[in-house]
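Asker: need a 3D model of the following:
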Amino acid sequence: MAPDQQMKKVAHNAIERRYRTNLNDRIQALRSVVPTLQDAAATEADEKKLNKATILRCATEYILDLKHANIICSQENEHLQQLIASQPGGDLILAQFLTQKQQYQALEAARMAQERQAQQERERMERKRILKERAAQRAALARLFMPNGEPKRRRSCRRKRNSSKNDTEDLQSSRALMALFGLCLTHPLTQTSHSVNFNLAFDWWHLRKPVLTFSILPLPMVY
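Answerer: Okay, here's the model as predicted:
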């Protein structure tokens, strides 16, 4: 298997493992609040795990029971309020009760909002920690499966662009020097009593640019 394919397979397995872990944590939290699931887990002789369909079915039944019980409690509460209001002085007592109820509901809403904010902050910190762990895992996998043992760096594209730019500049410099070379050959000075020595060298290892040097020497006089 190629290193890239093996790296993708390992990353896919890590994602699947995180998905299963998250799902199992949510199922465990659901089992902890549903009494039917708690009783089923406690009475299991062979300690088998409940399947997800059974867990969802018990949770749905529990939610429906709570909804029905809430409707019954609301109806009984209305009957009791009507009974209290029909008694002498019951209106004052009922008004005080409703005021206290509203205060309690406001405090409860503030408490729940604070708990939600704290939960969101914990989830944010957990996501941040998971992202750091994933970045460290990707770097470790890259070092493990790359041929040279080092992960690919993003500066490679920038280096390629700089290299191509330097090559273009070198080509332009070479053309300019060759044009100068031809101009010197056709100059009247080179066709009379002087000799021109040219030396065209390419310093590719250090300057990566062609260097043209020339000298003008007088020809020996013939008597």
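
Asker: quick one: low-confidence ranges for this protein?
Answerer: 1-11, 40-49, 144-223 (pLDDT under 70).

Asker: so which residues of it form helices?
Answerer: 3-33, 35-42, 52-86, 90-145, 155-186 (DSSP state H).

Asker: any chance of the ones you listed in CSV, plus mean neighbour count?
Answerer: The way it works is simple: take the backbone N, C-alpha and C, and place the C-beta from them, glycine included. Converted to CSV, the helices of the chain look like this (neighbours: other CB atoms under 10 Å):
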stretch, mean neighbour count
helix 3-33, 12
helix 35-42, 13
helix 52-86, 12
helix 90-145, 11
helix 155-186, 11
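
Asker: distance check, Glu121 against Arg31.
Answerer: Counting by CB to CB, to the nearest Å, the separation of Glu121 from Arg31 is 26 Å.

Asker: any idea how far Leu141 is from Arg122?
Answerer: Distance from Leu141 to Arg122, by CB to CB: 28 Å.

Asker: again, but for Leu131
Answerer: Leu131 is 15 Å from Arg122, by CB to CB.

Asker: how is the chain partitioned into domains?
Answerer: Domains of the chain are assigned by the TED database as 1-86, 88-145.

Asker: look up phi and psi at Pro88.
Answerer: When read as degrees, to the nearest 10, the backbone of Pro88 gives phi -60, psi 130.

Asker: residues near it, how many?
Answerer: Pro88 is flanked by 5 other residues according to other CB atoms under 10 Å.

Asker: so who does it touch?
Answerer: Shown in contact with Pro88 (CB atoms under 8 Å, 6 or more residues apart in numbering): no residues.

Asker: if I look at it, how far off is Thr60?
Answerer: Relative to Thr60, and taking CB to CB, Pro88 is found at 47 Å.
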